[in-house]
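K.L.:
sequence and predicted structure below; questions after.
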Amino acid sequence: MLDIHPHPRPDLANLLSSQTELARCIRERALERWGDKHATEIVGRHPTLIRALETIARFAESDSPILITGETGTGKELFARAVYLLSRRNGAPFLSVNCAQYQDGQLIASELFGHKKGSFTGALSDHAGVFEAAHRGALFLDEIAELSLSAQAMLLRTLGEGEIVPVGETRPRHVDVRVIAATSLDLKALVAAGRFRADLYYRLRFLQLEVPPVRQRGDDWRLMVTHYLERLGVSRARHKSFSREALALLSAYEWPGNVRELKALVDTGFHLSDSDVIEPRDFIESLEAAARAEQFSRLPLLDKASAVYRRLRAGEASFWEVVHRPYMNRELSRTEAAEIVALGLADTGGSYKRLLSVFGIAAEDYLRFMDFLRHHRLKPHA
Ligand SMILES: Nc1ncnc2c1ncn2[C@@H]1O[C@H](COP(=O)(O)OP(=O)(O)OP(=O)(O)O)[C@@H](O)[C@H]1O
Ligand SMILES: [Mg+2]
């Protein structure tokens, strides 16, 4: 039977070209290892991202600990998984511990290194720590800056000797685990403040990767937006895209929350838009307040012009009805009318002749139309 899709399939060529060769290799290995559950997809082609990918490929060849730094939401965990997937350890477990989750120094030590029954209140049975569970694999220590000082001392020993001593035990056990630590804080400043051990810091930062923020990755945000839209489109069987205004707004945005924010924004836009085109109003609330205030002043204008233009393009009304008449009645400003003309020209590749059919204007009215544009200075750059 023929497989008929009401919506176009995602543009695979586009999707693939938004990822480098190395990123594709990582993606395939992740699929093999974890299935769809942990999509390890690194989208982007900007030189700063390519440098980061090349760095992790080199890191994957050694067993030394790694420190991954970078702002919130840049992809630190993603890169940690990628190093593991590229390394010879990729058949053994990858485990992840968030050090900030444990208020109590004892608990994190027990989570990492295990404990002996009765070694502290609540230690009801022997417990193997994640270091043992990750044997021959890799351990991701997220938010390493939050590690208690006692756990830091234990970790230092593990990194040096390849040994752990479970809480309440005296005999060390050998472990073979690659440690990948991450932080979005300035670890060096914490060392200066006495909150992080200097020796551990130097041991960890021997191999260091700084994941660049989205604002330093040029146009990669567009590739990521498209990527996540396509993913959503496939899972919801409905394909949507951002309007020109939405993209213009986003191109000036700084992405303080980086890729995590971008992903959430695509999600919000996709779910809140009631048509297949996502407009600024569908996601503007989720932008950072300062950026929002700046954009809001432009928004009503862009929105009105684009709403009128959408009606024209859909063939619901003609230029005379929804642009000419309201303009003459002063219901539509000159800027708005000019914006509508510019939107049309962008779609017709600058051809005024083809604009006639988009605007629902009869061929014999061509001169009248052009005179109107000229007289009221509605042509772009006129
Ligand atoms: N280049 C990229 N292409 C596609 N998705 C990405 C990219 N970088 C990050 N992501 C996605 O962005 C989200 C955030 O990434 P991740 O959790 O690794 O960031 P993080 O730096 O660990 O954040 P935090 O500091 O908040 O813990 C994840 O869903 C991840 O898959
Ligand atoms: Mg993280």
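P.N.:
Arrived safely. Ligands and ions are numbered 1, 2, ... in the order given.
K.L.:
now do residue 15, the pLDDT please.
P.N.:
pLDDT, residue 15: 49.
K.L.:
in what helix or strand does the closest residue to residue 288 other than its chain neighbours lie?
P.N.:
Nearest residue to residue 288, sequence neighbours excluded (C-beta to C-beta, 6 or more residues apart in numbering): residue 256, at 5.3 Å. (Glycine included, C-beta is placed from N, CA and C.) Using DSSP states H and E, residue 256 falls within no helix or strand.
K.L.:
how much space between residue 256 and residue 262?
P.N.:
Residue 256 sits at a distance of 11 Å from residue 262 (criterion: C-beta to C-beta, to the nearest Å).
K.L.:
neighbours around the residue in the stretch 51-200 of the chain positioned nearest to ligand 1, how many?
P.N.:
Using C-beta to the nearest ligand atom, the single residue of the stretch 51-200 of the chain nearest to ligand 1 is residue 75, 2.9 Å away. By the measure other C-beta atoms under 10 Å, the count of residues near residue 75 is 24.
K.L.:
for it, grab phi and psi.
P.N.:
For residue 75, the backbone dihedrals (degrees, to the nearest 10) come out as phi 120, psi 30.
K.L.:
surely it meets residue 263?
P.N.:
No: if you go by C-beta atoms under 8 Å, residue 75 and residue 263 don't touch, sitting 10.5 Å apart.
K.L.:
what about residue 182, which SS state?
P.N.:
Put simply, residue 182 is strand when judged by DSSP: H, G, I helix; E, B strand; the rest coil.
K.L.:
quickly list what it is bridged to.
P.N.:
For residue 182, the beta-bridge partners are residue 68 (DSSP bridges).
K.L.:
separation between it and residue 349?
P.N.:
Look at residue 182 and residue 349: by C-beta to C-beta, they are 47 Å apart.
K.L.:
now swap in residue 230 and tell me
P.N.:
Note on residue 230: its distance to residue 349, by C-beta to C-beta, is 25 Å.
K.L.:
quick one: contacts for the most centrally placed residue in the chain?
P.N.:
Nearest to the mean C-alpha position of the chain, by C-alpha atoms, centre = their mean, lies residue 259 at 2.2 Å. The contact partners of residue 259, taken as C-beta atoms under 8 Å, 6 or more residues apart in numbering, are 73, 74, 75, 214, 224.
K.L.:
please apply the same query to residue 182.
P.N.:
Applying C-beta under 8 Å, 6+ apart, we find residue 182 in contact with 67, 68, 69, 70, 76, 77, 80, 140, 141, 142, 143, 144.
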